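Engineer: quick one: sequence plus predicted model below, questions after.
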Amino acid sequence: MANDIILETESLSKHWGGIKALNDISLQFHDRQLHGVVGPNGAGKSTLLNMLCGTLQPTSGCIFHKGDQIEGMKPWKFVRRGIGRSFQKTNIYADVTCLENCAVAAQRRFAGSFNLFASRHANKLVREAAEKALHQVGLADRIHTIAAEISYGEQRQLELAMVLATDPCILLLDEPMAGMGHEESQRIIELLGQLKQTYSIVLVEHDMDAIFELSDQLTVLDNGTHLITGTVDEVRNDPRVKEAYLGKEDEEEEAA
Amino acid sequence: MIFEKRTERIVLAIFFVIALCIPLFLEDNSFFVGKVTTILILAVFVMSLDFLVGRVGLVTLGHALFYGLGGYLFVILTPEYEAVNFWVYAIYVMGISALVALVVGVVVLRTSGIYFIMITLAISQMVYYFFFDSLEFGGSDGLFIFMKPDTSIFGLSFLDLDNPSHFYYLSLLAVLITLVAIKIILRSRFGRIVEASRLNPERTEALGYNIFAFRLISYIIGSTLAAYAGLLFALQYGYVNPQFMTWEMSGTALVMSILGGMGTIYGAILGTITYEGLLYIFEHLSDDWMLFMGGSIILMVLLLRKGLAGYLEKLLEK
């Protein structure tokens, strides 16, 4: 079992001055599993994700990727190791076509990004990989559309396609369903269900139905601390979770 | 086809046809040929700046540093009373300029946005005052080129740099090579990542690219082209002085590139011709030419939001 751990954190902490955004988090993310991360606002979910993909330096603690210690490396080195991330706020190249968006993502795998002479359109492998990623997320008919002109939901799909085009082994997804309608969410849930057959996925999401449906492992964070990690049923029945997380959400809903 | 837009192809075709003919019809008017030569050299400089500012996203106010450096390096490297080979020394000058750009680039590219503008300005001013105050490099008078280099390749000589028409064609060739080189680079796989880094640096890094490296290489390319333009300018007038690398020089080039249509590259040629043309006209019309110059630039920037190239594209691109 131990060797199918893709990503692992050991006592990972992030402090902003005196504020402990994340404190002493030790987690293991396994191959071909979807690992959900939930928690109320400010629990430290995004902080965790930003550290896992290298954009944020941990204050203390370690991150291991397939046994190698990788914290402190540049973000682009994380990607080269196969750690791909999507953003909470749609983060694409709005002015170019969907294909070009994914081609940027795919090009690195086939080398030659420092080639000053060869036309960017000449490499068949890049194009095929980009098209494949768009097919995977169901954007096949949008290949030549400018990214700014597709719907918001489709842009979220494109965001996902770009991560897939980098050929990752683990996907770090920050609220891929944020702001989506029900139908679009369903499509993403279905897609994630397929993707977890091949990839390891870390999913931060507010949509509880989606998380419960998809997660193999579920971690609950609250106020920067690690409450529990377990299967969906274990988490659901844990009294601390009910008190700290689900209770709070009820209040929030009532307030809203 | 590296020239993707119809407008681009039309404008460049007209430009090169006219430019090729100018010395043929105005052979006797060496003043005019010399004037246009200067515009062509400036166009090379402005294109290299347009590449950096408009396509790589590096808004530099210190680009003239390399323009001056090209001139200074040539004079410093060549023996005073001996004609050297132009091509060999052009390669030396560009090589050393590239090294300087590497060092400067590593420093300035640690910053971005307004800080990048300030630090490029600061470094170029620093070098400006170094040459301004240095006795061995001629101080504010600069240095003179006493011997025009010879341009033979393997013993064959096609060009005589003392002949204005020949120098003109050498400059036109520089325009062509710069234009084609920049367009090839922009279309390349490297260009794809450079474009991506400008459109969305955060995302590009999150896709696994070390954007610092892409920016550094671009900075070196742009700076080296600027050094070549500076070398030609120094050769045309037979001297180099600190005025080559003032911040006004960088600023004027920036205005030319905005006027032409930022990031379009061929627009830089249009912008340079327009700016220099207006300057020539106003200087002869009135003593208050600066007022007219400033007024017409403000007017054009207000009316042509995407520069001359943008305006032409709106007309021709249907």
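Structural biologist: Thanks, I have it. Since this is a predicted model, take the numbers as computed values, not measurements. Numbering: from 1, shown residues only, chains lettered A, B, ... in the order given.
Engineer: contacting residues for residue 20?
Structural biologist: The chain I'm using is chain A. Shown in contact with residue A:20 (C-beta atoms under 8 Å, 6 or more residues apart in numbering or on different chains): A:13-14, A:224. Bear in mind the C-beta positions are built from the backbone N, C-alpha and C, glycine included.
Engineer: my question was about chain B, not that one.
Structural biologist: residue B:172 are the contacts of residue B:20 under C-beta under 8 Å, 6+ apart.
Engineer: how many other residues sit next to the residue of the stretch 101-250 of chain B found nearest chain A?
Structural biologist: With C-beta to the nearest C-beta as the measure, residue B:208 is the residue of the stretch 101-250 of chain B nearest to chain A, at 3.2 Å. The local packing of residue B:208 (other C-beta atoms under 10 Å in any protein chain shown) involves 25 other residues.
Engineer: and it, what pLDDT?
Structural biologist: The per-residue pLDDT reported for residue B:208 equals 91.
Engineer: where's it relative to residue B:115, distance?
Structural biologist: Per C-beta to C-beta, to the nearest Å, residue B:208 is found 26 Å from residue B:115.
Engineer: who's in contact with whatever residue of the stretch 151-256 of chain A ends up closest to chain B?
Structural biologist: Nearest to chain B, among the residues of the stretch 151-256 of chain A, is residue A:166, at 5.8 Å (C-beta to the nearest C-beta). By C-beta under 8 Å, 6+ apart, the contact set of residue A:166 is A:79, A:82, A:84, A:105-106, A:108-109, B:207-208.
Engineer: give me the below-cutoff pLDDT ranges for chain A.
Structural biologist: Along chain A, segments meeting pLDDT under 70 span A:1-3, A:244-256.
Engineer: rewinding a little: most widely separated two among the contacts of residue A:166?
Structural biologist: A:82 and A:106 (13.8 Å; C-beta to C-beta).
Engineer: overlap in contacts of those two?
Structural biologist: Common contacts of residue A:82 and residue A:106 (C-beta under 8 Å, 6+ apart): A:166-167.
Engineer: the closest residue to residue A:225 other than its chain neighbours: neighbour count?
Structural biologist: Setting aside the residues directly before and after it, residue A:225 is nearest to residue A:23 in space (C-beta to C-beta, 6 or more residues apart in numbering or on different chains), at 5.5 Å. By the measure other C-beta under 10 Å, the count of residues near residue A:23 is 19.
Engineer: residue A:23 in helix, strand or coil?
Structural biologist: strand (DSSP: H, G, I helix; E, B strand; the rest coil).
Engineer: any idea how far the helix or strand harbouring residue B:95 is from the middle of the chain?
Structural biologist: Per DSSP states H and E, residue B:95 falls inside helix B:86-108. Distance of helix B:86-108 from its chain centroid, counting by C-alpha atoms, centre = their mean, to the nearest Å, is 15 Å.
Engineer: check whether that helix contacts chain A.
Structural biologist: No. Helix B:86-108 is not in contact with chain A by C-beta under 8 Å from any C-beta of the partner chain; minimum separation 13.6 Å.
Engineer: using CSV, write out every CA atom in the helix or strand that comes right after that helix.
Structural biologist: Once helix B:86-108 ends, the next helix or strand along the chain (criterion: DSSP H and E) is helix B:114-133. Extracted C-alpha coordinates of helix B:114-133, given in CSV (Å, rounded to 0.1, in the frame of the first residue of the first chain):
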residue,chain,number,x,y,z
ILE,B,114,6.4,49.8,-12.3
TYR,B,115,9.6,48.6,-10.5
PHE,B,116,10.8,47.1,-13.8
ILE,B,117,10.3,50.5,-15.5
MET,B,118,12.2,52.3,-12.7
ILE,B,119,15.1,49.9,-12.5
THR,B,120,15.7,49.8,-16.2
LEU,B,121,15.6,53.6,-16.2
ALA,B,122,18.0,53.7,-13.3
ILE,B,123,20.6,51.3,-14.8
SER,B,124,20.6,53.1,-18.2
GLN,B,125,21.0,56.5,-16.5
MET,B,126,23.9,55.0,-14.5
VAL,B,127,25.7,53.9,-17.6
TYR,B,128,24.8,57.2,-19.3
TYR,B,129,26.6,59.1,-16.5
PHE,B,130,29.5,56.7,-16.6
PHE,B,131,30.2,57.6,-20.2
PHE,B,132,29.3,61.2,-19.7
ASP,B,133,31.9,61.6,-16.9
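Engineer: which other helices and strands contact helix B:114-133?
Structural biologist: helix B:64-77, helix B:86-108, helix B:247-260 (3 or more C-beta pairs under 8 Å, 6 or more residues apart in numbering or on different chains; DSSP states H and E).
Engineer: next, the angle from the second one to helix B:64-77.
Structural biologist: I take that to be helix B:86-108. 140 degrees (axes from the mean of the first three to the mean of the last three C-alpha atoms, to 10 degrees).
Engineer: can you give me the buried ones in helix B:86-108?
Structural biologist: Buried residues in helix B:86-108, counted by 16 or more other C-beta atoms under 10 Å in any protein chain shown: B:86, B:89-90, B:93-94, B:96-98, B:100-101, B:104-105, B:108.
Engineer: equivalent analysis for the last one, please.
Structural biologist: By neighbour count, with 16+ other C-beta under 10 Å as the criterion, the buried positions of helix B:247-260 are B:247, B:249-250, B:252-260.
Engineer: what's in contact with that helix?
Structural biologist: Residues outside helix B:247-260 that contact it (C-beta under 8 Å, 6+ apart): B:42, B:45-46, B:49-50, B:53-54, B:60-65, B:67-68, B:121, B:124-125, B:128, B:243, B:266-272, B:274-275, B:297, B:300-301, B:304, B:307-309.
Engineer: of those, just the buried ones, ChimeraX syntax please.
Structural biologist: Here the buried members of the contacts of helix B:247-260 are turned into a ChimeraX selection, burial being counted by 16+ other C-beta under 10 Å:
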select /B:42,45,46,49,50,53,54,60,61,62,63,64,65,67,68,121,124,125,128,266,267,268,269,270,271,272,274,275,297,300,304,307,308,309
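Engineer: okay, and which of the contacts of helix B:247-260 map to helices?
Structural biologist: B:42, B:45-46, B:49-50, B:64-65, B:67-68, B:121, B:124-125, B:128, B:266-272, B:274-275, B:297, B:300-301, B:307-309 (DSSP state H).
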